[in-house]
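# fold the following for me, if possible:
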Amino acid sequence: MKVIIIGGVAGGATAATRIRRLDENAEIIVIERTGFISYANCGLPYYIGGVIEEKDNLTLQTPESFWARFRIDVRIKQEVIHIDTLRKTITVQKTESGEAYEESYDKLLLSPGARPVRPKLPGVSHERIFSLRTVEDTFRIRKFVEEERPKTAVMVGGGFIGLEVAENLCDLGIQVTIVQRPDHLMSTLDYDMAALVQSKLRLKGIVLKLGKDVIGFEENADGLNVLLKDDGPVKADMVLMAIGVSPETTLAKKAGLTLGIKDAIVVNDKMETSVPGVYAVGDAVQVKHTVTGADAVIALAGPANKQGRIAADNICGLESHYQGSMGSSVLKLFDMTVAGTGMTEKAVKEAGMNYEKVVLSPASHAGYYPGAKVMTMKVIYEKDTLKILGAQIVGYEGVDKRLDIIATAISAGMKADMLKDLDLAYAPPYSSAKDPVNMAGFMIENIAAGKIKQFHWDELDNLPRDGSITLLDVRTKYEYESGHAEGFINIPVDDLRERLSEIDKEKTVYVMCQSGLRSYIACRIMMQSGFDCYNFSGGYRFYKSAMGEKTLTEKSYPCGMDK
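I've put the predicted structure just below:
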């Protein structure tokens, strides 16, 4: 059996080595148009910032090591320019010489990845404007940074790549501005959770211009002007275009393969395309979303590697099926960790689903053990079935652990209230006896059982202030006087039982505290005394962040300075 693999990064390299482990006699050829294979895409921003110091650490394998260990023929700096699925041949062109040749195959696997979106804006081809996809791109950007010593940089786009490069350039002392069209960073987060991330970036000295359209670039005496619609230009010594990626399917389209959403390659759960014997994996394919069952394009390394293994199994005659992807992701931003899985609340709303959510702010580990830090968790679930739809977590240590637990629960089909029953490892340096995931389950159980009712940050400002309801803040007097939402009166929770007579039992009571815990306790006290009570989800801290109020008193330092 002769197998040709087009693309030698995550999915392609994984498939190649899996095929060899399954079939020692197969002839395997990998064709990669860049000069590198099996490289760490996700590590590229960290080489730019010098966190990864040696360029060799970016490549997990070389053509020589692939041959030595696996007897796989890897051909770099060669590009497939034509596929003939009837004759089962490909045409390959050597990128340096232009020489072309033909190669036959028994099985073909496409792993072309995705290309950065680069809109045709005036001046976009300037040498100071970069994209980041390949190792060569990374070397080019790092060389520019080392030789030109830029003082200012603009990231066009606030997704994973833009934020990771922004962090690395900021740590080098470069003043960074992030410009993007949506009103908040990271499409994997909802607005309220993204607000926490944005506060961190501003604290680090990064300038955010959200809800802004870039309309072009023009050269000035010192570098570039990034031109914005309805706003003044932003000066920059360098620019990174990071507004997203699109499936690289030009070759597949020419070959007559069926394409789906975003022109991604349509595959079945065996990763086989519309043409028998031709498979495709990675960022260029259309898959099923685990939660919704709908078609989706999810450009992440984890799914690509799994798909490569599954395609290899089927190429070698095994029965292997891809279960879909829910887009689990995690991002490091300075000392902060940002993670998400499944559907966002925005996506759930757009799908017209009947849903509920909980927002909580537990500590990363036992509060009495030094170093505990608050994380903010948001878990979204279907109201009637308690099916978990998605989760987002922003915090510091332990964020990835909790996100992975919830992603596992989604994959296992667990109901949201079952999170309370998970038997999770506990020791004071790592968790609390009631883990944050358990706490989310407790909250969901209470809501489902009618023990508590909620209202949310985006509903608060629409509540009447005409005296027809009672707005109650149960924090301490000091907390209340340091800042509170409009119209709220203050009765600390520890005084509430003795002061219930001050509250009109005929009026619905909306209760707030700092994080949602004390207000929950207050609601339980009041509900058992005959009050109609709603608990504020997430607390005052979450409200201030989501509303864009400036809660940070620390000075905003320029990029690269240690506060």
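
# from now on I want contacts and neighbour counts done on CA atoms only, so please keep to that.
Fine.

# which residue ranges form the helices in the stretch 101-250 of the chain?
Ranges of helices in the stretch 101-250 of the chain, per DSSP state H, counting those that start in this stretch, are 135-148, 160-171, 191-203, 250-254.

# among these, which is the most enclosed?
Sort these by mean neighbour count, taking mean count of other CA atoms under 10 Å, and helix 160-171 sits at the top with a mean of 24.

# now do that helix, average pLDDT.
Mean pLDDT, helix 160-171: 94.

# which elements pack onto that helix?
Helix 160-171 sits against helix 44-48, strand 152-156, strand 175-180, strand 329-333, with contacts defined as 3 or more CA pairs under 8 Å, 6 or more residues apart in numbering; DSSP states H and E.

# run through who's touching that helix.
Residues from elsewhere that reach helix 160-171 (CA atoms under 8 Å, 6 or more residues apart in numbering): 45-46, 48-50, 132, 153, 155-156, 175-176, 178, 186, 206, 240-243, 331-334, 559-561.

# among those, which ones are buried?
45-46, 48-49, 132, 153, 155-156, 175-176, 178, 186, 206, 240-243, 331, 333, 559-560 (16 or more other CA atoms under 10 Å).

# number of residues surrounding Asp23?
Residues contacting Asp23 under the criterion other CA atoms under 10 Å number 13.

# and the host helix or strand of Gly11, what does it pack onto?
In this assignment (DSSP states H and E), Gly11 forms part of helix 10-22. Other helices and strands packing on helix 10-22, by 3+ CA pairs under 8 Å, 6+ apart, are strand 2-6, strand 27-32, helix 301-315.

# out of these, nearest to Arg69?
strand 27-32 (13.0 Å; CA to CA).

# remind me what the closest one packs against, helices and strands.
Judged by 3+ CA pairs under 8 Å, 6+ apart, the packing partners of strand 27-32 are strand 2-6, helix 10-22, strand 73-76, strand 78-84.

# nearest to Ala236, of the ones you listed?
Comparing the helices and strands packed on strand 27-32 by CA to CA, helix 10-22 comes nearest, at 33.4 Å.

# off-centre distance for the closest one?
In terms of CA atoms, centre = their mean, to the nearest Å, the centre of helix 10-22 is found 26 Å from the chain centre.

# contact partners of it?
5-7, 26, 28, 30, 37-39, 70, 72, 109-111, 281-282, 301, 304-313, 315-316.

# got the angle for that helix vs helix 301-315?
40 degrees (axes from the mean of the first three to the mean of the last three CA atoms, to 10 degrees).

# still on that earlier bit, what about dumping the CA coordinates of the helix holding Gly11 to CSV?
The C-alpha coordinates for helix 10-22 follow below in CSV (Å, rounded to 0.1, in the frame of the first residue of the first chain):
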residue,chain,number,x,y,z
ALA,A,10,-0.2,18.1,13.4
GLY,A,11,-2.7,15.8,11.6
GLY,A,12,-0.4,14.7,8.8
ALA,A,13,2.6,13.8,11.0
THR,A,14,0.4,11.9,13.4
ALA,A,15,-1.3,10.0,10.6
ALA,A,16,2.0,9.1,9.0
THR,A,17,3.6,7.6,12.2
ARG,A,18,0.3,5.8,13.1
ILE,A,19,0.2,4.2,9.7
ARG,A,20,3.8,3.0,10.1
ARG,A,21,2.9,1.5,13.5
LEU,A,22,0.0,-0.4,11.9
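
# tell me the angle of that helix relative to strand 2-6?
Using the same axes, to 10 degrees: helix 10-22 against strand 2-6 is 160 degrees.

# from here on, count from 292
Okay, residue one is now 292; in that scheme the one you just asked about reads as helix 301-313.

# can you list contacts of stretch 407-414?
Here stretch 407-414 has contacts from 422-424, 506-509, 532-537, using CA under 8 Å, 6+ apart.

# tell me who's in contact with the closest residue to Lys385 other than its chain neighbours.
Once flanking residues are discounted, Lys385 sits nearest to Gln369: 4.4 Å by CA to CA, 6 or more residues apart in numbering. Counting by CA under 8 Å, 6+ apart, Gln369 makes contact with Ile322, Glu323, Arg324, Thr325, Val383, Gln384, Lys385, Thr386.

# highest neighbour count among those residues?
Ranked by neighbours (other CA under 10 Å), these are led by Glu323, which has 24 neighbours.

# who's sitting farthest from the centroid in this protein?
Ser792 (48.4 Å; CA atoms, centre = their mean).

# if I look at it, how far off is Ser820?
Per CA to CA, to the nearest Å, Ser792 is found 11 Å from Ser820.

# ok so, going back, what pLDDT does the residue nearest to Lys385 get?
96.

# next one: it from Lys398, what distance?
Counting by CA to CA, the gap from Gln369 to Lys398 is 19 Å.

# could you report the pLDDT at the residue farthest from the centre of the chain?
On pLDDT, Ser792 comes in at 95.

# in the stretch 692-841 of the chain, which spans are helices?
Counting by DSSP H, counting those that start in this stretch, the helices of the stretch 692-841 of the chain are 727-739, 748-751, 768-773, 787-790, 808-818, 830-837.

# turn those helices into TSV, columns for distance to Asp712 and mean neighbour count.
Formatted as TSV, the helices of the stretch 692-841 of the chain follow (distance: least, CA to CA, whole Å; neighbours: other CA atoms under 10 Å):
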stretch	distance to Asp712	mean neighbour count
helix 727-739	7	21
helix 748-751	29	14
helix 768-773	34	12
helix 787-790	32	13
helix 808-818	20	21
helix 830-837	25	21
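
# could those helices go into TSV alongside distance to Val650?
Putting the helices of the stretch 692-841 of the chain into TSV (distance: least, CA to CA, whole Å) gives the following:
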stretch	distance to Val650
helix 727-739	8
helix 748-751	10
helix 768-773	20
helix 787-790	24
helix 808-818	11
helix 830-837	9
